[in-house]
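Asker: Okay, structure incoming, though there's no sequence with it:
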């Protein structure tokens, strides 16, 4: 089912988004909010468009007796709305969504959200991947959110194009032929020789996906710059090589050129998250039945995935947590997947018939097993509230290589310097 453009844009912003509200940090840190939960079991919930299934939300009053849920769907900059309301110290909801890319910022602020472990979360945390829970855990061990969804990655590919190129085309065979990055590059060169097609969207796509497979980002838990690490350099070199080998389509993800390339077969392979299939179905319906899914070369990464949290000071935190437990239960996550294509964070949901059934768009292939395996093997990495700002400097320099012909070594040196400067600025 197509994911509306607002949600797709949100997920893609994780890679290159640059947003910080550091100037408000002192205000937020001292904030003791008055959160909304009026008498009579009425709870307020904030979420962005298509962030949750309306079908699930409509069931809450019946599944959590005595509760009336007032849902506010908030467009635009959701993080800004939360920060502004925290700063005003009143008017916060009982339950709110927190986007995955915004969680590192809120983790860096003390006392904004309830510790869900104190409300009974320990009884349900075994339902969710440990690496995803860590993304919502403070340095002192407080769990401030339960995951709405996750975005494990895989290789999407056109079986018909692979077959015409004389290459493996069945998922198991493609998985064996593209297990490592070296394998995938060799595979891509054969494809290019046979069809002229590319296997990457652009160089930054290679860079960010490679980083997502590792345990090092751009800033460590102590706030130190790590953009010059061996892992980041390896990702950079891989991205540059992909461009130099002619394996990148050099289009913008989600653009008309991208849609044309995946439809005409000049970009018959894509690395994307579980939710990415909705983008494909929306953009290239005429190729239904031609696509398949295999594991991502080199191991999984995660793109996207948000949380439900309870602002501190809510009048009835136990009632708010009861709503979160209900909305994010295994059965309701299956419903959310069927309703909105929201990929479950509750791992037991992967065994449901709804997720296990074959998909005609993918030639009848059941794809959930690929994503479930990726979720189970996901590396755990610290994500800093400053990572996006620092990463943007590297992406800019990669674009200078691919668009302006800049020397890759000089671009790397400039990226490191710009990344360090971006971190220093972000901390001010």
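Answerer: In hand now; what should we look at? This is a predicted model, so every value here is computed, not measured.
Asker: In this structure, mark out all the strands, start to finish.
Answerer: Secondary structure of the chain (DSSP state E): strands located at 34-35, 37-38, 42-47, 68-73, 90-92, 95-98, 146-147, 153-158, 269-273, 291-294, 307-309.
Asker: Just send those strands back as CSV, with distance to residue 346 and mean pLDDT too.
Answerer: The way it works is simple: take the backbone N, C-alpha and C, and place the C-beta from them, glycine included. Output for these, formatted as CSV (distance: least, C-beta to C-beta, whole Å; pLDDT from 0 to 100):
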stretch, distance to residue 346, mean pLDDT
strand 34-35, 26, 50
strand 37-38, 25, 42
strand 42-47, 18, 97
strand 68-73, 20, 96
strand 90-92, 26, 90
strand 95-98, 17, 98
strand 146-147, 8, 98
strand 153-158, 19, 98
strand 269-273, 17, 97
strand 291-294, 21, 98
strand 307-309, 13, 98
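Asker: Can you add mean neighbour count and give those back as JSON lines?
Answerer: Formatted as JSON lines, those follow (neighbours: other C-beta atoms under 10 Å):
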{"stretch": "strand 34-35", "mean neighbour count": "20"}
{"stretch": "strand 37-38", "mean neighbour count": "18"}
{"stretch": "strand 42-47", "mean neighbour count": "22"}
{"stretch": "strand 68-73", "mean neighbour count": "15"}
{"stretch": "strand 90-92", "mean neighbour count": "17"}
{"stretch": "strand 95-98", "mean neighbour count": "25"}
{"stretch": "strand 146-147", "mean neighbour count": "24"}
{"stretch": "strand 153-158", "mean neighbour count": "24"}
{"stretch": "strand 269-273", "mean neighbour count": "25"}
{"stretch": "strand 291-294", "mean neighbour count": "25"}
{"stretch": "strand 307-309", "mean neighbour count": "26"}
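Asker: now the ones you listed in TSV, with distance to residue 419?
Answerer: Shown next, in TSV, are the strands of the chain (distance: least, C-beta to C-beta, whole Å):
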stretch	distance to residue 419
strand 34-35	37
strand 37-38	43
strand 42-47	33
strand 68-73	36
strand 90-92	34
strand 95-98	26
strand 146-147	29
strand 153-158	24
strand 269-273	23
strand 291-294	33
strand 307-309	27
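Asker: between those, which one is nearest to residue 365?
Answerer: When these are compared by C-beta to C-beta, strand 291-294 sits nearest residue 365, at 5.7 Å.
Asker: Any chance you could list what contacts the closest one?
Answerer: 154-159, 169-171, 174-175, 178, 277, 280, 361-363, 365, 367, 370 (C-beta atoms under 8 Å, 6 or more residues apart in numbering).
Asker: roughly how far is that strand from the heart of the chain?
Answerer: The chain centre lies 20 Å from the centre of strand 291-294; the measure is C-alpha atoms, centre = their mean, to the nearest Å.
Asker: Could you do stretch 249-269 as well?
Answerer: That offset, for stretch 249-269, works out to 21 Å (C-alpha atoms, centre = their mean).
Asker: same question, stretch 305-320
Answerer: Worked out by C-alpha atoms, centre = their mean, stretch 305-320 lies 22 Å from the chain centre.
Asker: How about stretch 80-94?
Answerer: 24 Å.
Asker: which ones are touching the residue nearest to residue 166 when sequence neighbours are not counted?
Answerer: Leaving out its chain neighbours, the residue that sits closest to residue 166 by C-beta to C-beta, 6 or more residues apart in numbering is residue 194, at 6.3 Å. Residue 194 is in contact with 164, 165, 166, 167, counting by C-beta under 8 Å, 6+ apart.
Asker: Let's see that with 10 Å instead.
Answerer: Listed by C-beta atoms under 10 Å, 6 or more residues apart in numbering, the contact partners of residue 194 are 161, 162, 164, 165, 166, 167.
Asker: Give the burial count for the fourth one, as a bare number.
Answerer: Put plainly, it is residue 165. Residue 165 has 21 neighbours, counted by other C-beta atoms under 10 Å.
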